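Student: Sequence isn't available, so here's the structure alone:
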């Protein structure tokens, strides 16, 4: 005989299963899973208007263990020594003890459990022992160290010049060369995730397309093409921009006829100000602020519909203005608007711009509406083993240089970059936590370590701040208010000033 608790659990499980049957379930186009040694399809279904993967398919693909509590209606997903806990009818997941939001709750269709596609990026990727990169617009999942930069192209006719702009993220080495009637852009990559413009055939440019190999973009040239020029410059959100101008052949004017004015020379202008030659007092000259989530990644959602991505963007803009005004430092944002930016690309922006500090802003979520308070995190190396400890104390390598002599070169693996800065990151986190503690409510565990992917690749002191719990109705209201956002900004500025005055940066 079932006791009262068992009957209640059974009722929850039955109600969850029945609720799924009332939703429309149709096949969706499959995703493609790419690794260095395989290319596999991954089936998807649209259930209640939300694209989902079968949990059984993910278990086979990522070597997951899945355990179902039939009475309570919950699911426990294991990957390595980490666990993810899911509950039907709850768009939340507990990932290694930290609550994250999902766009939809897990659902059961017959005997198969389904989870939203974003489960891969939000729950699996942060704790997976191998790199996982979900690219929803391209319907791709990249595994491991496969190099597949995103390339977005556009074409602009400018009189006798046709400009092709390619935004590449992350920045990737490349060459541009003419071969017969084609201009070939070759990337040092395994393949390209390219979104290229459809081009009406013209006298200068006839087509922009993928080349004969997956690492090449080809420009088919028209009969009036004469020459080209190339400029590389910074793009937005850590991307690189390749600008290629195709010059058309012009008619030769009759002797004595006035020369028509040509287009003004195009001078590439960087989208971020250059670094100062000398750092200002205190050793800080560049700080990167990372507004969490963005684009398709909404992050946490409050009871009144407040989205984490909007809160972090608003506070990041205020913080940028405050730091520039008070400290006179160069401040970069990892995103300037509502766009999706991969986690590794956020740290890459900081590294490429030689930032002195990296600060990632977030708002928390919990299944308990009463959970409240700000929390400050720095990276934990416990999941990275002995290799991380070796990286933290690694010496530079001495390499010969052309013309004789030697040079000290720091060789740091991407996933070990933060290991060398753990002590300074801890000091940075303590300074931020102390400044926040003076102004805003703090969680009982206000200073913590965690294996956040966004911090792993940062080659400078780096911390992540959870500014409050959006799932707490009172804190949702505060986080959305101008006064509270300004209070947080002032606390973060003071924390950076405290760190600058007590710890020398690199």
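Tutor: Alright, I've got the coordinates. Predicted, not measured: the structure shown is a model, and the values here were computed from it.

Student: Could you use CA atoms for every contact and neighbour count after this?
Tutor: Fine.

Student: Just the helices from the stretch 201-350 of the chain, written as ranges.
Tutor: 308-327, 343-352 (DSSP state H, counting those that start in this stretch).

Student: from the ones you listed, which stretch is densest packed?
Tutor: Burial of those is given as mean neighbour count (mean count of other C-alpha atoms under 10 Å); helix 343-352 ranks first at a mean of 22.

Student: After that helix, which helix or strand is next?
Tutor: In the C-terminal direction, the helix or strand that comes right after helix 343-352 (DSSP states H and E) is strand 357-364.

Student: Residue 98 bridge partners, please.
Tutor: Beta-bridge partners recorded for residue 98 (DSSP bridges): residue 95.

Student: Mind jotting down where the helices sit in the stretch 51-200 of the chain?
Tutor: According to DSSP H, counting those that start in this stretch, the stretch 51-200 of the chain carries its helices in the segments 55-62, 119.

Student: can you list these in a markdown table and add mean pLDDT, mean neighbour count and distance to residue 460?
Tutor: A markdown table is the format used below for the helices of the stretch 51-200 of the chain (pLDDT from 0 to 100; neighbours: other C-alpha atoms under 10 Å; distance: least, C-alpha to C-alpha, whole Å):
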| stretch | mean pLDDT | mean neighbour count | distance to residue 460 |
| --- | --- | --- | --- |
| helix 55-62 | 93 | 15 | 31 |
| helix 119 | 95 | 23 | 30 |
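
Student: TSV for the ones you listed, including distance to residue 232?
Tutor: Written out in TSV, the entries for the helices of the stretch 51-200 of the chain read as follows (distance: least, C-alpha to C-alpha, whole Å):
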stretch	distance to residue 232
helix 55-62	38
helix 119	36
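
Student: Minimum distance to residue 344: which of the ones you listed has it?
Tutor: Proximity of the helices of the stretch 51-200 of the chain to residue 344 was assessed by C-alpha to C-alpha; the nearest stretch is helix 119, lying at 18.0 Å.

Student: Distance-wise, check residue 336 relative to residue 209.
Tutor: With distances defined as C-alpha to C-alpha, to the nearest Å, the gap from residue 336 to residue 209 amounts to 29 Å.

Student: can you check residue 486 too?
Tutor: According to C-alpha to C-alpha, residue 486 stands 48 Å off from residue 209.

Student: Same check on residue 497?
Tutor: Noted for residue 497: a distance of 50 Å to residue 209, by C-alpha to C-alpha.

Student: phi, psi of the closest residue to residue 102 other than its chain neighbours?
Tutor: Computed as C-alpha to C-alpha, 6 or more residues apart in numbering, the closest residue to residue 102 that is not its neighbour in sequence is residue 91, at 4.9 Å. Backbone geometry at residue 91, expressed as degrees, to the nearest 10, gives phi -80, psi 50.

Student: I'd like the numbering to begin with 141 instead of 1 from here.
Tutor: Fine by me, first position is 141 from now on; the one you just mentioned is residue 231.

Student: What residues does residue 231 make contact with?
Tutor: Residues touching residue 231, when contacts are defined by C-alpha atoms under 8 Å, 6 or more residues apart in numbering, comprise 241-246.

Student: again, only this time at 10 Å
Tutor: Listed by C-alpha atoms under 10 Å, 6 or more residues apart in numbering, the contact set of residue 231 reads 240-246, 255-256, 440, 507.

Student: got it, and residue 617?
Tutor: The neighbours of residue 617, taking C-alpha under 10 Å, 6+ apart as the test, are 442-444, 446, 610, 624.

Student: Helix, strand or coil: sort out residue 574 for me.
Tutor: Under DSSP: H, G, I helix; E, B strand; the rest coil, the three-state class of residue 574 is helix.

Student: Just send the contacts of residue 617 back as JSON lines, with neighbour count too.
Tutor: Output for the contacts of residue 617, formatted as JSON lines (neighbours: other C-alpha atoms under 10 Å):
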{"residue": "442", "neighbour count": "21"}
{"residue": "443", "neighbour count": "14"}
{"residue": "444", "neighbour count": "11"}
{"residue": "446", "neighbour count": "18"}
{"residue": "610", "neighbour count": "32"}
{"residue": "624", "neighbour count": "17"}
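
Student: measure stretch 496-512 end to end?
Tutor: One end of stretch 496-512 sits 31 Å from the other (C-alpha to C-alpha).

Student: Now do that stretch: distance to the chain's middle.
Tutor: Remark: stretch 496-512 is offset 17 Å from the chain centroid, using C-alpha atoms, centre = their mean, to the nearest Å.

Student: any idea of the mean pLDDT in it?
Tutor: Rounded to a whole number, the mean pLDDT of stretch 496-512 is 93.

Student: circling back to that earlier point, which pair in the contacts of residue 617 has the greatest spatial separation?
Tutor: 443 and 624 (18.3 Å).

Student: Where do the domain boundaries of this protein fall?
Tutor: Structural domains assigned to the chain are 163-283, 290-388, 426-642, following automatic domain parsing.

Student: Buried deepest among these, which one?
Tutor: Taking mean count of other C-alpha under 10 Å as the contact definition, the stretch among the domains of the chain with the greatest mean neighbour count is domain 426-642, which reaches a mean of 19.

Student: Quick check: end-to-end length of that one?
Tutor: Chord length of domain 426-642, first to last residue, is 18 Å (C-alpha to C-alpha).

Student: One more: stretch 463-483?
Tutor: 24 Å.

Student: ok, now stretch 242-249?
Tutor: Distances were taken as C-alpha to C-alpha; on that basis the terminal residues of stretch 242-249 are 19 Å apart.

Student: so who does residue 505 touch?
Tutor: 232-234, 238-241, 439-442, 448, 511-512, 606, 608-612.

Student: Now, those that are in strands?
Tutor: Judged by DSSP state E, those include 232-234, 238-241, 606, 608-609 as members of strands.

Student: Output those residues in CSV; the columns should cover pLDDT and distance to residue 172.
Tutor: Formatted as CSV, those follow (pLDDT from 0 to 100; distance: C-alpha to C-alpha, whole Å):
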residue, pLDDT, distance to residue 172
232, 90, 26
233, 90, 25
234, 91, 27
238, 86, 29
239, 87, 28
240, 87, 25
241, 88, 24
606, 96, 34
608, 95, 37
609, 95, 35
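
Student: contacting residues around residue 572?
Tutor: Shown in contact with residue 572 (C-alpha under 10 Å, 6+ apart): 499, 515-517, 566, 587, 603-605, 631-639.

Student: Which of those residues fall within helices?
Tutor: Taking DSSP state H, the ones among the contacts of residue 572 that sit in helices are 566, 631-639.
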